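Chemist: Fold the following and give me the result.
(one chain, ligands or ions: 1)
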Amino acid sequence: MPAGWPVGAGRLVLDEAPSTMAEAAARAPESAAPLWIMARRQTAGRGRRGRAWADPPGNLAATLLMPAPPPAEAALQSFVAALALFDACVDCTGRAEAFSLKWPNDVLLHGRKLAGILLETLRPAHLAVGIGVNLRHAPEPDTLEPGAVAPVSLAEGLGMDIDAEAFLTPLARAYDARARVLATYGFAPIRTAWLDRAARRGEAVTARTGRDSVTGRFETVDEAGRLILVTPQGRQAIAAADIFFAEGDAHAAGG
Ligand SMILES: O=C(O)CCCC[C@@H]1SC[C@@H]2NC(=O)N[C@@H]21
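Modeler: The predicted model follows:
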């Protein structure tokens, strides 16, 4: 059973930071309890796999710094974060049907990328869960990797203007609730909830890991959080990769 989850994380809101991930790393030695660090503006935001993350004013940039769970549970926080983000989006917009999840932890709005999550282990004993949400602005498509899911902002996709600090409140609440489920019942209910919100289940997707790529039918996510693809060579379990959809597709939320 995973370790317990403390009630209520602290909150720190900065006007500007290079990156809330760097801010979390600097504050980790003196942080014994979970702490949300939000920056109204990041000047050097970073995404997964060393990519830059553009963060113009009005978007959410926040990192949850927490004492590190055991290694096997750290990766599962990625699903907790994705579900919490989904919950916060629904809480703020009332539009559950508009959102879906893309493995491992992107949130899609009408099939386009609204939000991303970056997990970093901070040695010796912390985990940083960074969350970026395109509330007001989406990056220009030509700044993205070829084949990446097209970006969208909440303002563009739903015509809603949600303040970043106002978004952080339901996000922190939802994270607490989902983390408590993981701590109490393990990964099974988190996995089920994640799969219920998954985009493109049953469809062909391509998983790229560095220079390798595997295309197969997205069957499920296993009990360790790995993506299961059915390929002509058989089932393959993928622990870490970027996922690409068939070109030109932008599906709404799917089951
Ligand atoms: O590549 C991704 O999809 C993950 C993006 C994560 C961006 C967030 S914004 C808050 C935190 N600070 C960073 O520098 N990155 C994460």
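Chemist: only C-alpha atoms for contact and neighbour calcs from this point on.
Modeler: OK.
Chemist: May I have the phi/psi pair for the residue nearest in space to the middle of the chain?
Modeler: Among the residues of the chain, the one closest to the centroid is Ile117, at 3.2 Å (C-alpha atoms, centre = their mean). Listed backbone geometry of Ile117 is phi -130, psi 140, with angles given as degrees, to the nearest 10.
Chemist: That one contacts Gly132, doesn't it?
Modeler: Yes: using C-alpha atoms under 8 Å, Ile117 is in contact with Gly132, at 6.5 Å.
Chemist: In the sheet, which residues pair with the residue nearest to the centre of the chain? Tell me.
Modeler: Assessed by DSSP bridges, Ile117 has beta-bridge partners Ile131.
Chemist: for it, what are its contacts?
Modeler: Ile117 is in contact with 47-48, 78, 81-82, 105-106, 129-132, counting by C-alpha atoms under 8 Å, 6 or more residues apart in numbering.
Chemist: go again using 7 Å as the cut-off
Modeler: Applying C-alpha atoms under 7 Å, 6 or more residues apart in numbering to Ile117 gives the contacts 105-106, 129-132.
Chemist: Quick check: the farthest pair among those?
Modeler: Taking C-alpha to C-alpha, the two most distant members of these are Asp106 and Val129; they sit 12.9 Å apart.
Chemist: okay, these two: which has more neighbours?
Modeler: The residue with more neighbours, out of Asp106 and Val129, is Asp106; 26 against 22, by other C-alpha atoms under 10 Å.
Chemist: And for the closest residue to that one other than its chain neighbours, the neighbour number?
Modeler: Spatial nearest neighbour of Asp106, chain neighbours left out: Gly116 (4.8 Å); criterion: C-alpha to C-alpha, 6 or more residues apart in numbering. Neighbourhood size, Gly116 [other C-alpha under 10 Å]: 22.
Chemist: what ranges do the helices span in the chain?
Modeler: For the chain, the helices defined by DSSP state H cover 20-27, 71-74, 77-93, 154-158, 164-185, 187-196.
Chemist: Out of those helices, the one nearest Trp36 is which?
Modeler: Among the helices of the chain, if distance is taken as C-alpha to C-alpha, the winner is helix 164-185, at 7.9 Å.
Chemist: Output the closest one in PDB, but only the C-alpha positions, please.
Modeler: Output in PDB follows, covering the C-alpha atoms of helix 164-185 (Å, rounded to 0.1, in the frame of the first residue of the first chain):
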ATOM      1  CA  ALA A 164      -4.300  30.900 -13.200                       C
ATOM      2  CA  GLU A 165      -4.500  31.400  -9.400                       C
ATOM      3  CA  ALA A 166      -8.300  30.600  -9.500                       C
ATOM      4  CA  PHE A 167      -7.500  27.400 -11.400                       C
ATOM      5  CA  LEU A 168      -4.900  26.400  -8.900                       C
ATOM      6  CA  THR A 169      -7.500  26.100  -6.100                       C
ATOM      7  CA  PRO A 170      -9.600  23.300  -7.600                       C
ATOM      8  CA  LEU A 171      -6.400  21.700  -9.000                       C
ATOM      9  CA  ALA A 172      -4.800  21.500  -5.500                       C
ATOM     10  CA  ARG A 173      -8.100  20.200  -4.100                       C
ATOM     11  CA  ALA A 174      -8.500  17.500  -6.800                       C
ATOM     12  CA  TYR A 175      -4.800  16.500  -6.300                       C
ATOM     13  CA  ASP A 176      -5.400  16.000  -2.600                       C
ATOM     14  CA  ALA A 177      -8.500  13.900  -3.300                       C
ATOM     15  CA  ARG A 178      -6.900  11.700  -6.000                       C
ATOM     16  CA  ALA A 179      -3.600  11.300  -4.100                       C
ATOM     17  CA  ARG A 180      -5.600  10.100  -1.100                       C
ATOM     18  CA  VAL A 181      -7.300   7.500  -3.200                       C
ATOM     19  CA  LEU A 182      -3.900   6.200  -4.400                       C
ATOM     20  CA  ALA A 183      -2.600   6.200  -0.800                       C
ATOM     21  CA  THR A 184      -5.700   4.300   0.500                       C
ATOM     22  CA  TYR A 185      -6.600   1.900  -2.300                       C
END
